[in-house]
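> structure here, sequence nowhere to be found:
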């Protein structure tokens, strides 16, 4: 069946990921054994969490090993099957890795109706993260004020739109005038704040102006000075949802904790992290509700699809950490 191109981890990155941290290899295409199928990769999901998977330190998942295929969520088309539930031509989403072909026993896989980036975005892990992070961890209530950082990204863009569906005032923080305009003009946010133009002090003041009664829920995707700005504006009994900290992922030195954490005491607030996998049994519930909002036009899909090949994965991943993507970043290798 030809060659199977793979991207493997060659060395653990220090600071920013470099080209030499990856190896590009070709191996034989796998064959399906009993109860297995082989899928050809169509779409590869690129996510900020990937940076953490490369570090050899305790986390919610074991790190990607040296010379292992890079972990990634992908959408594949079944090209060979000896599995009763999967037929040739089926489209399947799963954690199949950055490679042209993958073999699977179907565990953790989900059959979908078409090869669409939405199944890696709003109806995939980013959508599940937004849904459970905001509604369960954030305990959102109608009429509250929500601030979300990384608001033009895959998770943040969905968080803000769910909050609007739930009848809340939404303030999004993003980088650059184009992204902040997108928030208010296309996604329905009430206010967009440009952290690049305003700087840390400006962001803090802009939040105070936009939310004079304080922030009820802050959904944090970036950490650092933006987290401090939000803490400084917390409402009484406000909740801070820790989803990610992309501003710190490439740091090569330990990063300081938030300096405004005593706002949690003064405002009787709470700050809580979560991992979306904890809600895996409830994914169908979230997907059904999200799909309904999408079909009604209440959630607008923002997908940044980059055409290329498996070998383009390292360069495409770098777009995340330079803030070049709008919405869900996907590599299309069809």
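In hand now; what should we look at? Quick caveat, the model's predicted, so the values are computed rather than measured. Residues are numbered from 1 along each chain as shown.

> low-confidence ranges in the chain?
Of all residues in the chain, those with pLDDT under 70 make up the ranges 1, 246-255.

> would you map the helices across this structure?
Using DSSP state H, the helices of the chain run over 49-53, 125-132, 154-165, 177-185, 195-210, 224-231, 263-266, 283-295, 313-321.

> out of these, which comes closest to residue 331?
Among these, helix 313-321 comes nearest to residue 331, with 4.9 Å by CB to CB. C-betas here are computed from N, CA, C, even on glycine.

> what about the closest one, distance to the chain center?
Distance of helix 313-321 from its chain centroid, counting by CA atoms, centre = their mean, to the nearest Å, is 14 Å.

> look up how far residue 277 lies from the closest residue to residue 110 other than its chain neighbours.
In this structure, residue 110 finds its nearest non-sequential neighbour in residue 93, 4.9 Å apart by CB to CB, 6 or more residues apart in numbering. According to CB to CB, to the nearest Å, residue 93 and residue 277 sit 15 Å apart.

> number of residues surrounding the residue nearest to residue 110?
25 (other CB atoms under 10 Å).

> right, and it touches residue 113 too?
No. Using CB atoms under 8 Å, residue 93 makes no contact with residue 113, being 11.0 Å away.

> re earlier: between the helices of the chain, which one is closest to residue 12.
Residue 12 lies closest to helix 49-53 among the helices of the chain, at 10.7 Å (CB to CB).

> what does the closest one contact?
13, 17, 59, 61, 63-64, 70-72, 244, 246, 249-250, 317, 321 (CB atoms under 8 Å, 6 or more residues apart in numbering).

> how about residue 19, what does it touch?
Residues near residue 19 by CB under 8 Å, 6+ apart: residue 314.

> and it, how far is that from residue 235?
46 Å.

> beta-bridge partners for the residue nearest to residue 110, please?
Beta bridges link residue 93 to residue 75, residue 110, judged by DSSP bridges.

> identify the residue nearest residue 334 in space, chain neighbours excluded?
residue 42 (5.1 Å).

> do you know how far the one you found is from residue 100?
Distance of residue 42 to residue 100, given as CB to CB: 10 Å.
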